[in-house]
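[1] Provide a 3D model corresponding to the input given below.
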Amino acid sequence: EGALIDRYIYSEILMDGDASGETKLEPYYAGGNIGLVNMGNTCYQNSVLQVLLSLEDFQRRYYYGTNDNVREQRYNSFRSAPIEPYSSLTMQMIKLAAAISDPEALGVKFDASKTSTEENEKENKEVETDESGLKVIGHDHRVAVAPRMLREAACSLHYDYMGNEQQDCVEYFRFMINKFVETDGMRPDSPGFDFAHVVEERLFDQQSQQVKYKYTPSSVLQLVVPIHKATNLKEVNAFKQRDKSKEDPKNKPRAVLPNIPFQECLKHSLGMDPNAQQTIVDYISPVTGERGIATQTVQLSTFPKYLCVQLRRFIMDEKTYQPVKTVCEVEVPRILDLQQYRGKGPQEHEVIIQERNEEETAEKELPAAKKAMVEQLMMMGFPEDECKEAALACNNVDAAMNWLFDPSTRVPLENPAERGEKAVETIKELNDGSSKYRLRAFISHLGHQINAGHYVCHTYDDKLKHWVLKNDTKVSVSKNPPIKHGYVYFYERMP
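    Predicted coordinates for the structure are as follows:
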C-alpha cells in the first residue's frame with residue numbers, strides 16, 4: 001500500500017498526474033526558466049531560490065530581466081562590486097538572476113521550440129563568462145546553472161546548509177529571508193521585508209476573565225492539517241480495507257488519499273473558532289496568582305506583500321518522538337481572501353491584564369557563565385554594575401576587559417523586546433494592505449522524512465500563461481500542477 005501511494009504522489013507531482021509514467025513533460029528552457037544544478041542534496045535550496053527569483057520584488061532588486069536598462073544596472077553593479085564580491089550575498093544574487101533571466105547575454109543560444117532536439121545540446125555544451133564568473137551547462141537537452149558562489153556567500157558559516165544532507169526547505173527559506181533583511185535592512189525596498197508580517201496572539205485568562213495581547217513579527221504562516229476533517233473518509237477506509245489478493249499486479253488501483261478543504265486548515269489554525277484555540281493547563285494567572293486554564297488564539301495583524309504559507313504535514317509521533325509525514329491532499333485555492341482572520345486588537349468590553357514589570361523592581365538574573373565572568377572582572381577591581389554590563393555585551397573575559405578599558409569600543413545594548421517592538425511598528429506601517437492573495441508558486445516534497453526525499457517547485461509564468469515545474473536541472477511546462485500536494489505556498493497580495 002505504501003508503494004502504491006508513493007507511486008501515486010510521484011506521478012501527481014512529477015508526471016502531471018499520469019500514473020502510467022508514459023507522459024513526457026514538455027521541456028521548456030528560456031529566459032526565466034533555467035534549471036539549477038543539484039550540488040549534493042541541495043534540491044531544497046534550488047527550490048527556494050527558484051521561487052524567490054520568480055517574484056517581482058526580488059527580480060527588481062537583483063536586476064532580473066533582458067531590457068537594456070536592467071542590463072546597464074547589472075553591468076554597473078558588477079563594475080562597482082566590493083573588493084571581495086564572492087562573499088557578497090547581493091552580488092551573488094545578481095549573478096544568479098542574470099543567469100536565470102538573461103542566459104543569452106552569457107552566450108547561450110536556444111529556441112524554446114527546439115529544446116527537445118539535439119541542436120541545443122550541441123550549442124550549449126558549456127559556456128562561461130569571465131566578467132561575471134557564471135557557468136551555464138547544457139546536457140540531455142537541459143540548460144542549468146550551478147550557484148556555488150551564492151551558496152558560499154550565504155551559507156559559509158552554516159554547517160547544515162554547506163553539507164550534503166537534506167534539510168527542511170522552510171527553515172532554509174527563513175534563513176535566507178533573515179540574510180536579505182540583515183543585508184538590506186527592514187525597509188520596503190528590501191525583498192526579504194516583503195514577507196514580514198505581524199501575528200496577533202490573544203490569551204484569555206479564565207481565572208480573572210481578563211485578556212492579554214502580544215504582537216510578534218514572522219515570515220511564515222503555519223497551518224495545521226486536520227486529517228479528521230477529510231471529506232472522503234469513507235473512500236479512504238474502503239481503499240485501505242480492499243481485498244489486495246484479487247488485484248491485478250499489472251493494473252494496480254489508483255491510491256485514495258484523505259482530501260482536506262483548505263478552509264479547515266485555516267479554521268484549525270487561525271481566528272476565534274474553538275478548533276483553533278490552544279488550551280494552556282496549569283496557567284498561573286498574573287492577576288489572581290492561582291493555577292487554572294487559559295486559551296490562546298492566533299490571527300494576522302497585517303497582510304504582507306508576499307505571504308509564505310506552510311502546511312504542517314510533518315507531526316511528532318507520540319511513540320518515537322520523530323517527525324512523521326501526514327500523507328493527504330489539501331485543496332489549496334489559487335485566490336485566497338483572509339479578511340476574516342485579521343486580528344481586531346483589544347475590544348471595548350475586554351479587560352487587559354496589567355502585568356508587573358519585575359525588571360524594574362528586581363535585579364535581572366544572569367546566566368551561570370555570565371556570573372562567573374562578573375566575579376572574575378570584579379576580582380580585578382572593576383565596579384559590579386560595569387562588570388555586569390560588560391558580561392552581557394561580551395562573550396569572554398578578554399573581550400569584557402577590553403570593553404571596560406576602552407569606552408570607545410562600547411556599543412549600546414539593545415533590548416530584544418524593544419527590537420521586536422520596533423520591527424512590529426515598521427511592518428504595520430510599511431507592509432500591510434489588502435487581504436486578497438493570488439498563488440504565485442509552491443514547493444512540494446517527495447518522501448516520508450523531513451530531512452530526506454526530494455524537493456521540487458512550481459512557479460507561474462505570466463508570459464507563458466502556464467505553471468512551470470522546476471526539478472533541479474529539469475524545467476518543464478506543467479499543464480496540471482499538483483497544487484493539492486504542496487508543502488509550502490507563496491502568495492502575492494492583490495491590489
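[2] from here on, contacts and neighbour counts on C-alpha atoms
    OK.
[3] host element of the closest residue to Pro226 other than its chain neighbours?
    Spatially, and ignoring its direct neighbours in sequence, Pro226 is nearest to Cys265 (6.4 Å; C-alpha to C-alpha, 6 or more residues apart in numbering). Secondary structure assignment for Cys265, by DSSP states H and E: helix 262-267.
[4] again with Val309
    If you go by DSSP H and E, Val309 is part of strand 306-311.
[5] contacts for that strand?
    Contacts of strand 306-311 with the rest of the structure, by C-alpha atoms under 8 Å, 6 or more residues apart in numbering, involve 170, 194-195, 219-225, 487-493.
[6] quick one: mean pLDDT for the helix or strand just after it?
    Using DSSP H and E, the next helix or strand after strand 306-311 towards the C-terminus is strand 314-316. On average, the pLDDT along strand 314-316 is 84.
[7] give the partner strands of strand 314-316 in its sheet and their orientations.
    Strand pairing for strand 314-316, determined by DSSP bridges: strand 323-325 (antiparallel).
[8] run the chain-centre distance for the strand it pairs with.
    Centroid displacement of strand 323-325 relative to its chain, using C-alpha atoms, centre = their mean, to the nearest Å, is 18 Å.
[9] coming back round to it: just the CA atoms of the strand holding Val309, as CSV, please.
    Extracted in CSV, the C-alpha atoms of strand 306-311 (Å, rounded to 0.1, in the frame of the first residue of the first chain):
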residue,chain,number,x,y,z
TYR,A,306,4.1,38.2,-0.1
LEU,A,307,2.7,35.5,2.2
CYS,A,308,4.5,32.2,2.7
VAL,A,309,2.1,29.5,3.9
GLN,A,310,3.4,26.2,5.3
LEU,A,311,1.1,23.2,5.7
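[10] ok so, going back, give me the buried positions along the helix holding Cys265.
    Neighbour counts over helix 262-267 (16 or more other C-alpha atoms under 10 Å) mark 262, 264-267 as buried.
[11] just for the stretch 251-400 of the chain, where's the confidence low?
    Residues of the stretch 251-400 of the chain meeting the criterion pLDDT under 70: 355-366.
[12] and what of the stretch 51-200 of the chain?
    Looking at the stretch 51-200 of the chain by pLDDT under 70, you get 106-141.
[13] how about 50 then?
    Along the stretch 51-200 of the chain, the parts satisfying pLDDT under 50 run over 112-139.
[14] so where do the strands sit in it?
    126-128, 135-139, 142-145, 197-205 (DSSP state E, counting those that start in this stretch).
[15] distance of Arg7 from Arg254?
    Distance, Arg7 to Arg254, by C-alpha to C-alpha, to the nearest Å: 9 Å.
[16] of these two, who's got more company?
    Using other C-alpha atoms under 10 Å as the criterion, Arg7 and Arg254 rank with Arg7 on top: 16 against 12.
[17] got the buried residues for the helix or strand hosting the more buried one?
    In this assignment (DSSP H and E), Arg7 forms part of helix 2-14. Buried residues in helix 2-14, counting neighbours by 16+ other C-alpha under 10 Å, are found at 6-14.
[18] let me know the outermost residue of this protein.
    What lies farthest from the middle of the chain is Gly381; by C-alpha atoms, centre = their mean that is 49.4 Å.
[19] related to what we said a few turns ago, tell me what the helix holding Arg7 is packed against?
    strand 436-446 (3 or more C-alpha pairs under 8 Å, 6 or more residues apart in numbering; DSSP states H and E).
[20] quick one: the strand it packs on to chain centroid distance?
    Put simply, strand 436-446 sits 11 Å off its chain's centre (C-alpha atoms, centre = their mean).
[21] just the C-alpha atoms of that strand, please, in CSV.
    What follows is strand 436-446, C-alpha atoms only, in CSV (Å, rounded to 0.1, in the frame of the first residue of the first chain):
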residue,chain,number,x,y,z
LYS,A,436,-6.7,39.1,-1.0
TYR,A,437,-3.9,37.0,-2.5
ARG,A,438,-3.0,35.1,-5.7
LEU,A,439,-0.9,31.9,-5.7
ARG,A,440,2.4,32.5,-7.4
ALA,A,441,4.5,29.4,-6.6
PHE,A,442,4.6,26.3,-4.4
ILE,A,443,7.2,23.8,-3.2
SER,A,444,6.4,20.1,-3.0
HIS,A,445,8.2,17.4,-1.0
LEU,A,446,8.5,13.7,-2.1
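[22] run the angle between that strand and strand 306-311 for me.
    Interaxial angle, strand 436-446 versus strand 306-311 (axes from the mean of the first three to the mean of the last three C-alpha atoms, to 10 degrees): 40 degrees.
[23] what sits up against strand 436-446?
    Strand 436-446 is touched from outside by 9-10, 13, 47-48, 51, 55, 333-339, 453-460, 483, 485-495, with contacts defined as C-alpha under 8 Å, 6+ apart.
[24] let's see 7 Å
    Residues outside strand 436-446 that contact it (C-alpha atoms under 7 Å, 6 or more residues apart in numbering) are 47, 51, 334-338, 453-460, 485-494.
[25] pull out the buried members of these.
    Neighbour counting by 16+ other C-alpha under 10 Å classes 47, 51, 336, 454-460, 485-493 among these as buried.
[26] out of those, which are inside strands?
    Judged by DSSP state E, the subset of the buried ones among the contacts of strand 436-446 located in strands is 336, 454-460, 486-493.
[27] identify the farthest-apart pair in those.
    Maximum pairwise distance among these (C-alpha to C-alpha): 28.8 Å, between His454 and Arg493.
[28] related to what we said a few turns ago, could you export the buried residues of helix 262-267 as CSV, including distance to Leu25?
    Output for the buried residues of helix 262-267, formatted as CSV (distance: C-alpha to C-alpha, whole Å):
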residue, distance to Leu25
Phe262, 28
Glu264, 33
Cys265, 32
Leu266, 33
Lys267, 37
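[29] can you tell me which of those residues is nearest Thr288?
    Proximity of the buried residues of helix 262-267 to Thr288 (C-alpha to C-alpha) peaks at Lys267, which lies at 31.7 Å.
[30] thought the closest one was touching Asp273?
    Yes - using C-alpha atoms under 7 Å, Lys267 is in contact with Asp273, at 6.3 Å.
[31] what are the ranges of the helices in the stretch 51-200 of the chain?
    Ranges of helices within the stretch 51-200 of the chain are 56-61, 68-79, 89-101, 118-123, 148-155, 159-162, 169-184, based on DSSP state H, counting those that start in this stretch.
[32] count the neighbours of the spatially closest residue to Leu336 that is not a sequence neighbour for me.
    Setting aside the residues directly before and after it, Leu336 is nearest to Tyr437 in space (C-alpha to C-alpha, 6+ apart), at 5.0 Å. Around Tyr437 there are 23 other residues, counting by other C-alpha under 10 Å.
[33] beta partners for Tyr437?
    Beta bridges link Tyr437 to Leu336, Arg493 when assigned by DSSP bridges.
[34] gap between it and Leu338?
    8 Å.
[35] repeat for Trp403
    Relative to Leu338, Trp403 is positioned 50 Å away (C-alpha to C-alpha).
[36] again, but for Val70
    Val70 is 35 Å from Leu338, where distance means C-alpha to C-alpha.
[37] I figured Tyr44 hits Val170, correct?
    No - taking contacts as C-alpha under 7 Å, Tyr44 lies outside contact range of Val170: 8.7 Å.
[38] more crowded one of these two?
    Tyr44 (28 against 19).
[39] which SSE is the more buried one in?
    For Tyr44, the host element (DSSP H and E) is helix 43-52.
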